[in-house]
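Asker: Task: produce atomic coordinates for the following.
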Amino acid sequence: MVEFTSESKKSSNIHTLIVAAAVFLVAAAGIFFYARYQQKEQPQEVTGPVVVPGMLRPGDTNFEYYKNKIRIENVKASLGITFSKARVAFVSGIISNEGDRKLEALELKITLYDLYDKVSKERVATPLRPGLGLNNRPMEPLEKRTFSIGVESVEQLWNPKRLELEITGLKYK
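Answerer: Below is the predicted model of the structure:
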């Protein structure tokens, strides 16, 4: 006759507990380092104008020379309303570098007008700068790149058909 005996398997339970604890520690360390990496990689919110070292301004002969080689094409404006009912104007278009140098940064002054042709809102933005976006490399000669800029707190009588873009700064190699 066969006799069955029951032995406790405490040693295998201890091994399972140790393996589970090790997996938990590795997962917790992975989450910690991932969160830390994300904090370093995300750009900090900029409240003031962006300062790019070496940016050329109007009045500089190098600025005036290369400004004529930059084209802003297919500019479109649209209105968006946020969940908090704030009105936001979205201005998009294409930057075209028609010069023979790499364009590193470009600063634009956006002027919005109302239905009575009075200035409604102005904003200075830097749609092309080092470290911005997925394609953060400088624009090569003859390259085209899209941009989109949001202008917050747009008034009720804003006219999306009338806006002006002016190049106020650039940096090239």
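
Asker: quick one, phi/psi of residue 13?
Answerer: The main-chain torsion angles of residue 13 are listed as degrees, to the nearest 10 and equal phi -70, psi -40.

Asker: number of nearby residues for it?
Answerer: The number of residues packed around residue 13, counting by other CB atoms under 10 Å, is 10. (Each C-beta comes from the backbone N, C-alpha and C, glycine too.)

Asker: Look up how far residue 118 lies from it.
Answerer: Computed with CB to CB, to the nearest Å, the distance linking residue 13 and residue 118 is 79 Å.

Asker: same thing with residue 72?
Answerer: 23 Å.

Asker: what do you get for residue 21?
Answerer: In this structure, residue 21 lies at 68 Å from residue 118, with CB to CB as the measure.

Asker: Could you do residue 98 as well?
Answerer: As judged by CB to CB, residue 98 and residue 118 stand 33 Å apart.

Asker: quick one: which of those two has more around it?
Answerer: Taking other CB under 10 Å, residue 98 and residue 118 do not tie; residue 98 has more neighbours (14 against 9).

Asker: Could you tell me the model confidence score at the residue lying closest to that one once chain neighbours are set aside?
Answerer: In space, not counting the residues next to it along the chain, residue 98 is nearest to residue 69; the distance is 4.9 Å by CB to CB, 6 or more residues apart in numbering. What the model reports for residue 69 is a pLDDT of 95.

Asker: What is the neighbour count of residue 69?
Answerer: Residues lying near residue 69 (other CB under 10 Å) number 16.

Asker: now the one 5 residues further on
Answerer: Using other CB under 10 Å, residue 74 has 10 neighbouring residues.

Asker: The chain should start at 369 in everything you say after this.
Answerer: Sure, I'll start numbering at 369, so the last one becomes residue 442.

Asker: Same question for the strand or helix carrying it: list its buried residues.
Answerer: For residue 442, the enclosing helix or strand under DSSP states H and E is strand 438-449. Burial within strand 438-449, assessed by neighbour count using 16 or more other CB atoms under 10 Å, is assigned to 438, 440, 445.

Asker: go on, stretch 480-493?
Answerer: Residues of stretch 480-493 classed as buried under the neighbour-count rule (16+ other CB under 10 Å) are 480, 481, 482, 488, 489, 491, 493.

Asker: sorry, back to before: mind saving the C-alpha coords of the strand holding residue 442 as PDB?
Answerer: Once side chains and other backbone atoms are set aside, the C-alpha atoms of strand 438-449 remain, and they are given as PDB (Å, rounded to 0.1, in the frame of the first residue of the first chain):
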ATOM      1  CA  ILE A 438      13.800  83.900 -44.700                       C
ATOM      2  CA  ARG A 439      10.300  83.500 -46.000                       C
ATOM      3  CA  ILE A 440       7.200  82.900 -43.900                       C
ATOM      4  CA  GLU A 441       4.600  81.200 -46.100                       C
ATOM      5  CA  ASN A 442       1.000  79.900 -45.900                       C
ATOM      6  CA  VAL A 443       0.200  81.700 -42.700                       C
ATOM      7  CA  LYS A 444      -3.100  80.800 -41.200                       C
ATOM      8  CA  ALA A 445      -4.900  81.800 -38.000                       C
ATOM      9  CA  SER A 446      -7.700  80.000 -36.200                       C
ATOM     10  CA  LEU A 447      -9.500  80.300 -32.900                       C
ATOM     11  CA  GLY A 448      -9.500  77.800 -30.100                       C
ATOM     12  CA  ILE A 449     -11.400  77.800 -26.900                       C
END
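
Asker: Cool, thanks, signing off.
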